[in-house]
Structure formats: C-alpha cells, structure tokens
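Participant: take a look and give me a structure for this.
(4 chains)
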2 protein chains.
Amino acid sequence: MPRAGLSPDAVVGLALQIVDDDGPGSLTLAKVAGRAGVATPSLYKHVGSLAALRRAVATVAVRELTAAASAATVGRSGPDAVRALGRAWRDYALAHPGRYAATQIGPDPDDPADAERREAAAESVAVAAAALRAFGLPDDGLVDAVRAARSAIHGFVTLELGGGFRMPQDVDRSFETLLDMVTAGIASLGDAAGPHPHPKEKA
Amino acid sequence: MPRAGLSPDAVVGLALQIVDDDGPGSLTLAKVAGRAGVATPSLYKHVGSLAALRRAVATVAVRELTAAASAATVGRSGPDAVRALGRAWRDYALAHPGRYAATQIGPDPDDPADAERREAAAESVAVAAAALRAFGLPDDGLVDAVRAARSAIHGFVTLELGGGFRMPQDVDRSFETLLDMVTAGIASLGDAAGPHPHPKEKA
DNA sequence: AAGCCAAGCTAATAGGATTAGCTTACTGGC
DNA sequence: GCCAGTAAGCTAATCCTATTAGCTTGGCTT
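Facilitator: Numbering: from 1, shown residues only, chains lettered A, B, ... in the order given. Here you go, the predicted model:
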C-alpha cells in the first residue's frame, strides 16, 4: 500500500483538470479520487468537503483571471486598456470554460480560504477601475462604470459559453462591437451631468 | 390510496415553487415528490428525468421573461425601449432569481420540449431587435448590437444575483448607468463606419 | 529502535436518481 | 350496472455520491 503523495494543492490540481475536461457541474470527489488513484474518503485528509473543493477551484480561476486582466492592461489606458482587458477576459474564458464557469460559485463567508478569492476579485475590480481612469469620470460614477463594463464583458462571455448566440454571425466581430459599445458608452458617461440622478424612476 | 391528481404541468409547477424557494441547484425529484405527496418514482409517470424537469422549468422562465420584455416595449422605441426592456428584464430576475438562474440551463437538442424554449428565446431576441431598430444601425450590425445589449443586461443581472457587487454603492443607480452606457454606446455604433472591420486583430 | 502523525483504507450511513414490476383507481364501451 | 384497459401510484432494488468513524501503517523524528 504505497502512498499516493497527495496534498491539498495536488487535489485541487486534479479538480481543475476535471473541471477543464467536463465542466464544473461534473466535478465529483469520486472522480478526483479515481484520478488520484485513491479511495474517495481519503480525500478528506486534504479537503474539507466537495463544496470546499469547488470553492478552491473558483479561487484559482479568479486568481488566474485577475492575473490575465492585469497583464493585459499594463502600459495601456482608456479605450485601449478596456479593449485589452475585455479580450484577455474572454480569451481566458474560452481557453478554460470550466474554470470560468467555476468563477461564479458563491463564496462561503465562513471559509477562510475564500477570503483569498475576495481579495483576488477585488484586485480585478481595481484593475478595471484603473483602466477606466483615463475616461475622466466623476469620482462617484467610477464604481457604476466599472460595474457596467464588467457586466457587459461577463455577460457576453457567459452567453457565448452557454451557447446563447445561435445566429450564424461571427461571434468575434460581435465581441468587438460590444467593446465599441462599452468604450463609447463609458466615454459618453463623462460628458453627461455626472452620476445618474434618477434611480428607477417609474414611467 | 387516493390519487394525487398530478400531471406534467402540475409537476413543473411544483418544481417552479422549489426553484423559487431554494434556487435551481436544489431542485430534486425527492423534494418535488414530497410536495406532491407522492413517492419519488411516481414522478416518472409525468417527467422523463430530473434533467428534463429542469429544462421544463427553464422553458417556463424563458417564456415569462420574453413576455415581460415584450410587454415592456410595446409602444416604445429607441433608447426608451431599450431602457424599458432592461428594467423589465432585471425586475423579472430580481422577482424570480431562481427561475432566472434556471434560464441558463443548456438545452438538449433531442428534447422536443426544448424546441419551445428555443422559440421563446428567439422571440426575445426579436423583441430586442425591434427595440434597437430605431437606432438606425446598418442591417448587418444589428445582430451584433442585440448581442451587445443582451450581454450587458444579462451580465449585470447575473452579477447582481450572484452577489458580485460588493461595494456599498447603490445598485439601482449602477443599473441606470449601465442603461446609459448601452444606449449611448449603441447610438454611437451607427455613427461609425458600420460593422466592425477587424475581428480580433492582434496588437 | 521507538514512536508519533499523517495518509490511506474499509465499513457504514444517508440521500438521491432511476428501473422493474405490481396494484388499483378511473373511464369508456357494452 | 359490469368489465376491460389504461394510466397513476406504490414498493423493492440497484447504482451513485458524499460523508463519518475508526483502523492500519508508512516514514520521519528522536
């Protein structure tokens, strides 16, 4: 009975492979154990639960995504930075659909390992904020603009990955159009009278 | 042993309740059976499988969403229509988070019941396209614009529902900013030279 | 060489999906 | 009003998966 030489990181590594291969929905402790050459319960020596393993996978994905976004925007600013950020984001998602999907798993406030994920997520928001700085938005409108840009990119990628674009048109071109919309839209935000004055006004 | 008087629709109705209450992830045949006052295997007389039930729920949600979008845009056009559409979309998602999440379940090409869902989805795209018509986009850019607008709205709602907005700022106001970005961005699409000429050009 | 600890293992429990085969409540035709 | 057929339920059984408990032992430390 030789040792398999597992470790928490090794287990997460196997989980990442499975998520890459079959999507996050089919990540299972039994499958991980199979790849590790170990009985399923043995994994509990390295991870707390299936849910914790899923969160660990999400953390890795968020970190990688943040790193890619950060790398893509160094030395750029304004529309150029936004476009580079958007492309890097989508490229990562297309290269690792399973990991990107894992990104959407809700964090557990009690899991200390999830603090890391929050940090990484916050950092990616900071990267986006930096990219938008050159648009000269009013201070209290920056958060709104970051949210809008994130929403657009994330939404596109999510729909693309989920097979939501069924028309035959070129998806790459659509994404460039989205970037056009985002950059132009955000630029126009600065021109207007500042932050939006009427949240949810009814007709 | 009295009859419970189930039917496929009744089962889907119970499933919708569960999805509303606990989210689509915790939809389980056992839970449905519990609410129906019936043994789990009995459900197979009405649905093909858990996956099929999930898809049925998704179909209902897509239909409702399409109806809401359609109702919100009658008699409006241009930016006004886009804003109304966006608000209706978000309102539905906030009112029925579970159903909205169910919307993202991938369809099964072999399930005839999923053809319906495709139809409804296509109709919602048509509603969006109609809303954008007044922007005077070039014909072959319309699909790109619809995708961009959908992406932005869907992305915002997804992030909001997933707890992705952690800053204290008002989310309603951010959504209005998103709508500003979308309407201004799409308007500017028409001004430019038509469809985007350089899909994915490398730096 | 003794011993400790962590990494594995097996056994057992608890849910959940799904299939097979039985029973029986309604429903239509006579 | 009776009778057969169908469809709605049921129980039993199988197969997965997660998770817990408690045992065993490899490999390093002293």
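
Participant: check contacts around the residue lying closest to residue A:108 once chain neighbours are set aside.
Facilitator: Nearest residue to residue A:108 in three dimensions, chain neighbours excluded: residue A:114, at 5.5 Å (Cβ to Cβ, 6 or more residues apart in numbering or on different chains). Using the backbone N, CA and C atoms, a C-beta is placed for each residue, glycine as well. By Cβ atoms under 8 Å, 6 or more residues apart in numbering or on different chains, residue A:114 lies in contact with A:55, A:59, A:107, A:108.

Participant: give me the element residue A:114 is part of.
Facilitator: Using DSSP states H and E, residue A:114 maps to helix A:113-133.

Participant: show the average pLDDT along that helix.
Facilitator: In this model, helix A:113-133 carries a mean pLDDT of 95.

Participant: report all helices and strands that the next helix or strand after that helix contacts.
Facilitator: Counting by DSSP H and E, the next helix or strand C-terminal to helix A:113-133 is helix A:139-161. Judged by 3 or more Cβ pairs under 8 Å, 6 or more residues apart in numbering or on different chains; DSSP states H and E, helix A:139-161 is in contact with helix A:79-95, helix A:97-102, helix A:113-133, helix A:171-191, helix B:139-161, helix B:171-191.

Participant: quick one: helix A:139-161 to helix A:113-133, angle?
Facilitator: With axes from the mean of the first three to the mean of the last three Cα atoms, to 10 degrees defining the directions, helix A:139-161 sits at 110 degrees from helix A:113-133.

Participant: residue A:131 is in contact with residue A:76, correct?
Facilitator: Yes: Residue A:76 lies in contact with residue A:131 (Cβ atoms under 8 Å); the separation is 7.4 Å.

Participant: okay, the two: which has more neighbours?
Facilitator: Ranked by neighbour count (other Cβ atoms under 10 Å in any protein chain shown), residue A:76 and residue A:131 place residue A:131 first, with 26 against 17.

Participant: pull the number of nearby residues for the closest residue to that one other than its chain neighbours.
Facilitator: In space, and not counting its chain neighbours, residue A:131 is closest to residue A:81: 3.7 Å by Cβ to Cβ, 6+ apart. When counting by other Cβ under 10 Å, one arrives at 23 neighbours for residue A:81.

Participant: which ones are touching residue A:81?
Facilitator: Counting by Cβ under 8 Å, 6+ apart, residue A:81 has contacts A:73, A:130, A:131, A:132, A:134.

Participant: what's stretch A:96-111 in contact with?
Facilitator: Stretch A:96-111 is contacted by residues A:16, A:19-24, A:51-52, A:54-55, A:57-58, A:60-62, A:64-65, A:92-93, A:114, A:117-118, A:157, A:161, B:158, B:162-163 when judged by Cβ under 8 Å, 6+ apart.

Participant: what residues of that stretch count as buried?
Facilitator: Within stretch A:96-111, the residues scored as buried using 16 or more other Cβ atoms under 10 Å in any protein chain shown are A:96-107, A:111.

Participant: then stretch A:41-55?
Facilitator: Residues of stretch A:41-55 classed as buried: A:43, A:46, A:47, A:52, A:53, A:54, A:55 (neighbour count, 16+ other Cβ under 10 Å).

Participant: for stretch A:62-76, same thing?
Facilitator: A:62, A:63, A:64, A:65, A:66, A:67, A:68, A:69, A:70, A:72, A:73, A:76.

Participant: any idea how chain A splits into domains?
Facilitator: A:1-47, A:61-191 (automatic domain parsing).

Participant: nearest to DNA strand C, out of the ones you listed?
Facilitator: Smallest distance to DNA strand C across these (Cβ to the nearest atom of the strand): 3.4 Å, for domain A:1-47.

Participant: is DNA strand D within reach of the closest one?
Facilitator: Yes: judged by Cβ under 7 Å from any atom of the strand, domain A:1-47 comes into contact with DNA strand D at A:1, A:2, A:3, A:28, A:29, A:30, A:31, A:40, A:41, A:44.

Participant: returning to that earlier point: export the contacts of residue A:81 as CSV, with columns for distance to DNA strand D.
Facilitator: CSV is the format used below for the contacts of residue A:81 (distance: Cβ to the nearest atom of the strand, whole Å):
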residue, distance to DNA strand D
A:73, 38
A:130, 39
A:131, 39
A:132, 40
A:134, 47
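
Participant: go through these and name the one nearest residue A:146.
Facilitator: Using Cβ to Cβ, residue A:132 comes nearest to residue A:146 of the contacts of residue A:81, at 6.1 Å.

Participant: make sure that closest one is actually in contact with residue A:142.
Facilitator: Yes: when contacts are counted by Cβ under 8 Å, residue A:132 is listed as touching residue A:142 (6.4 Å).

Participant: and residue A:49, backbone torsions?
Facilitator: Backbone torsions for residue A:49, taken as degrees, to the nearest 10, come to phi -170, psi 170.

Participant: meant to ask about residue A:163
Facilitator: Torsion angles at residue A:163 (phi, psi; degrees, to the nearest 10) stand at phi 70, psi 30.

Participant: what's the burial count for it?
Facilitator: Neighbour count of residue A:163, defined by other Cβ under 10 Å: 9.

Participant: next one: residue A:23
Facilitator: So residue A:23, with other Cβ under 10 Å, has 16 neighbours.

Participant: quick check, pLDDT for it.
Facilitator: pLDDT, read off for residue A:23, is 94.

Participant: now swap in the one 4 residues further on and tell me
Facilitator: Model confidence at residue A:27, expressed as pLDDT, equals 98.

Participant: how deep is it tucked in, by neighbour count?
Facilitator: Residue A:27: 22 neighbours (other Cβ under 10 Å).

Participant: quick check: it touching residue A:55?
Facilitator: No: counting by Cβ under 8 Å, residue A:27 does not reach residue A:55; the two are 11.3 Å apart.

Participant: skip the chain neighbours and tell me the closest residue to residue A:157.
Facilitator: residue A:93 (4.4 Å).

Participant: close enough to count as contact, the one you found and residue A:162?
Facilitator: No: counting by Cβ under 8 Å, residue A:162 is not a contact partner of residue A:93; they are 11.1 Å apart.

Participant: higher neighbour count, those two?
Facilitator: Per other Cβ under 10 Å, whichever of residue A:93 and residue A:162 has more neighbours is residue A:93, with 23 against 16.

Participant: got the contact list for that one?
Facilitator: By Cβ under 8 Å, 6+ apart, the contact set of residue A:93 is A:100, A:157, A:160, A:161.
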